[in-house]
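> what follows is a protein structure lacking sequence information:
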């Protein structure tokens, strides 16, 4: 970065201010969970499989990218290293998905859930037990900044840059998922998800049609992991727990099992409420952020309980999620037609 | 060789606890094909109930030379833990699982994950994350007959004020933790007018493990009899064979499912008390890993099979205790840090080699 670029970033950093920094951070995290939700949706929503190890693939990607940058920082130009680490993360996560998916998806029943849950645990234990010099064990792995510097002066640029990057990533992944689901391969996947035996009789190989979306989902979780490692700057095994898995499930379920826009919307709602509750409890909410009503403060203490309760209640009353397989524009369209329909009815 | 003895006992003791939990998993899975993720939390709640029951019954106030009150208290606590866990499972089944039973497997599994998280966090809010030491019986030692111990041998654990009106002096409990009961402490005790101290008497881990194995040896045949010989047991087997046909035969499905949940949770509650006693603490996260491992045990034994759950539990316990030992003897020094990873690896190997588990029947495809 040239010295002449500094004043403008300084201005940007100052103009963002604490409120702007908060919003951009929220945007990045919403993007992260939207990515995770979209990739999990491919497996649990469209594919009707049940994976409980998505946090494992996320961690796999984060550690693949993080360890490459940690050990190779300075050996090549920053953007190139960033790109290499992202490619590596996606590749490693896909390979992990293949190794778990092939044995488990051959079987009927819920073996995938158990094996993926075990995979997430094994991965965490492995990271914690490997020598500290390799992956940082319990202390965590520092990931040097290779794309955007983060100093007090450049914080604004860093945040704004990452927010932009996440928006691009989410749009790309959403586009990819949509194309995948509407492609010929995607339709065989949906057919297998609906009725494996019937699809098999039509000449579809059920195992292949299940493994493919599972591997793509794992790879996309790896992408999210790489971005997470770069954005956070340090990663530790304690961050990739089962609770994260539940959070991703909640994003998918809240949005609708098989809805892209619902997924993104759900990530926003979930993270906004969570972040506001966390900060409101500590009186640290920036000035420009709309606070929650004062009578809601007890929510902060009971957040984790409410979280689980929302998941259970959603499943009881809306088992296919709030939006189901519909997209937001479907809803808007039906709402518009209903409104205009009612309008003409009143006029006549 | 005595080393191997200890490891064998460790493995069987842990395996028996896995078996206690795995029974509930396998019974529920057999009947409604649901991985009841909340089962580990039911086990944890059982441990808490046992803990509060033992304290409430005043085990800590019971002088040990007469052992029968303590034994009775333990039996009552076990019964309460079983009943409480069973009741909880029935409530969960009625409120959360029954409404989603028709909504598909993913909805049911997600509900189970949600219930598991709900119970975990609720316990966390109510009882905090701090582990509580398991209650222990205590032995009275008069002050004059206190052994002249070297510092560090008898230690003051805490002082408790008796609030039942019998005495208003502080009662001193000593155990193997806390402050050393040295001369200064003795002088202070005498000055405050204490007649003596209580010493916490805890069974060793090995004794607990023998107890757990004995409990399993007693319960497994009982359960077997319940499922094979009683009317309810016959109905359970019919429902697990074919739910629709069973309904047409006039079997009350909802009641049978409820009974299955109750029975599985009752056994898990007993396991919870045993686990908390053996490892000496209760905490809200206590059910997570054993619950997961027990499910692994149920799958290893063949999910849906009751003898399979017991066999799977014992096998998994032995693998966890002996495999790291073997690997360590073979020169891998940190093998014990990897115990949990080895358990899951074992599961994946079993799934690859024999997906239906050791005693499982292949699931028939219903088209």
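Looks like it came in fine. Computed from a predicted model, the values in this text were never measured in an experiment.
> what about residue A:317, neighbour count?
Look at residue A:317: counted by other C-beta atoms under 10 Å in any protein chain shown, it has 10 neighbours. Using the backbone N, CA and C atoms, a C-beta is placed for each residue, glycine as well.
> and what of residue B:86?
Using other C-beta under 10 Å: residue B:86 sits among 24 other residues.
> which outside residues touch the helix or strand hosting it?
Element membership for residue B:86 (DSSP states H and E) is helix B:68-92. Helix B:68-92 has contacts (C-beta atoms under 8 Å, 6 or more residues apart in numbering or on different chains) with B:24, B:38-39, B:42-43, B:45-47, B:49-50, B:53-54, B:57-59, B:62, B:64, B:115, B:137, B:258, B:261-270, B:272-273.
> just stretch B:42-49 next, same as before
Here stretch B:42-49 has contacts from B:20-21, B:24, B:77, B:80-82, B:84-85, B:88-89, B:92, B:119-120, B:123, B:127, B:265, B:268-273, B:275-276, B:282, B:284-287, B:290-291, B:294, using C-beta under 8 Å, 6+ apart.
> look up how far residue B:24 lies from residue B:271.
According to C-beta to C-beta, to the nearest Å, residue B:271 and residue B:24 sit 9 Å apart.
> can you give me the strands for the stretch 201-350 of chain B?
Secondary structure of the stretch 201-350 of chain B (DSSP state E, counting those that start in this stretch): strands located at B:281-282.
> low-confidence ranges in it?
B:201-203 (pLDDT under 70).
> the residue of the stretch 251-367 of chain B found nearest chain A: how many residues sit nearby?
For the stretch 251-367 of chain B, the residue positioned closest to chain A under C-beta to the nearest C-beta is residue B:344, at a distance of 3.4 Å. Per other C-beta under 10 Å, the neighbour tally for residue B:344 reads 22.
> what is the burial count for residue 270?
I went with chain A, as the question did not name one. 22.
> wait, chain B was what I had in mind.
A count of neighbours around residue B:270, defined by other C-beta under 10 Å, yields 25.
> re earlier: from the contacts of stretch B:42-49, which would you call buried?
Listed as buried from the contacts of stretch B:42-49 are B:20-21, B:24, B:77, B:80-82, B:84-85, B:88-89, B:92, B:119-120, B:123, B:265, B:268-273, B:275-276, B:282, B:284, B:286-287, B:290-291, B:294; burial here means 16 or more other C-beta atoms under 10 Å in any protein chain shown.
> sticking with residue 124, tell me its helix or strand.
Since no chain was named, I'll use chain A. Taking DSSP H and E as the definition, residue A:124 sits inside helix A:111-129.
> actually it's chain B I care about, not the one you picked
helix B:105-127.
> so for stretch B:313-326, what gets flagged as buried?
B:313, B:314, B:315, B:316, B:317, B:318, B:319, B:320, B:321, B:323, B:324, B:325.
> do I have it right that the fourth one meets residue B:297?
Yes. Using C-beta atoms under 8 Å, residue B:316 is in contact with residue B:297, at 4.3 Å.
> so how far is the helix holding residue A:124 off the chain centroid?
Mean-position distance between helix A:111-129 and its chain equals 19 Å (C-alpha atoms, centre = their mean, to the nearest Å).
> that one near chain B at all?
Yes. Helix A:111-129 comes into contact with chain B (C-beta under 8 Å from any C-beta of the partner chain), by way of A:111, A:113-115, A:117-119, A:121-122, A:125-126, A:128-129.
> what helices and strands are in contact with that helix?
helix A:54-72, helix A:78-105, helix A:242-255, helix B:288-301, helix B:339-353 (3 or more C-beta pairs under 8 Å, 6 or more residues apart in numbering or on different chains; DSSP states H and E).
> could you redo the last one with a cut-off of 10 Å?
Applying 3 or more C-beta pairs under 10 Å, 6 or more residues apart in numbering or on different chains; DSSP states H and E, one finds that helix A:111-129 makes contact with helix A:54-72, helix A:78-105, helix A:132-135, helix A:206-232, helix A:242-255, helix B:105-127, helix B:288-301, helix B:339-353.
> list the buried residues of it.
Neighbour-count burial for helix A:111-129, with 16+ other C-beta under 10 Å as criterion, is recorded at A:111-125, A:127-129.
> before we move on, the earlier item: could I get the residues of helix A:111-129 next to chain B as TSV with pLDDT?
Formatted as TSV, the residues of helix A:111-129 next to chain B follow (pLDDT from 0 to 100):
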residue	pLDDT
A:111	75
A:113	81
A:114	78
A:115	81
A:117	83
A:118	82
A:119	85
A:121	81
A:122	83
A:125	83
A:126	85
A:128	85
A:129	82
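> contacting residues around residue 309?
If you meant another chain, say so; for now it's chain A. A:302, B:114, B:115, B:117, B:118, B:121, B:122 (C-beta atoms under 10 Å, 6 or more residues apart in numbering or on different chains).
> the intended chain is chain B.
B:18-27, B:29-30, B:220, B:223, B:264, B:267, B:294-295, B:297-303, B:357, B:359.
> please redo it, this time with the cut-off set to 8 Å
Per C-beta under 8 Å, 6+ apart, neighbours of residue B:309: B:19, B:22, B:23, B:25, B:26, B:27, B:297, B:298, B:301.
> low pLDDT regions in chain A?
A:1-17, A:108-109, A:152-153, A:280-297, A:323-325, A:341-348.
> what residue lies at the spatial centre of it?
The residue lying closest to the centre of chain A (C-alpha atoms, centre = their mean) is residue A:36, at 2.1 Å.
> wait, that one touches residue A:246, no?
No. Contact criterion C-beta under 8 Å: residue A:36 and residue A:246 do not qualify, at 11.8 Å.
> nearest residue to residue A:120 other than its sequence neighbours?
Nearest residue to residue A:120 in three dimensions, chain neighbours excluded: residue A:56, at 3.5 Å (C-beta to C-beta, 6 or more residues apart in numbering or on different chains).
> same check on residue A:21?
Nearest non-adjacent residue to residue A:21, counting by C-beta to C-beta, 6+ apart: residue A:159, 5.5 Å away.
> so which strand or helix has that neighbour?
helix A:155-182.
> distance from the chain centre to that helix, please.
For helix A:155-182, the distance to the chain centre is 11 Å (C-alpha atoms, centre = their mean).
> what residues does the stretch 201-348 of chain A have near chain B?
Counting by C-beta under 8 Å from any C-beta, the stretch 201-348 of chain A sits next to chain B at A:242-243, A:246, A:249, A:253, A:257, A:301-302, A:304-305, A:307-309, A:311-312, A:315-316, A:319-320.
> now, the residues you listed that are in helices?
Those of those mapping onto helices are A:242-243, A:246, A:249, A:253, A:301-302, A:304-305, A:307-309, A:311-312, A:315-316, per DSSP state H.
> quick revisit: dump the residue contacts of the residue nearest to residue A:21.
Counting by C-beta under 8 Å, 6+ apart, residue A:159 makes contact with A:16, A:20, A:21, A:24, A:25, A:28.
> could I get those residues in TSV, plus columns for neighbour count?
Below are the contacts of residue A:159 laid out as TSV (neighbours: other C-beta atoms under 10 Å in any protein chain shown):
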residue	neighbour count
A:16	19
A:20	19
A:21	17
A:24	21
A:25	16
A:28	22
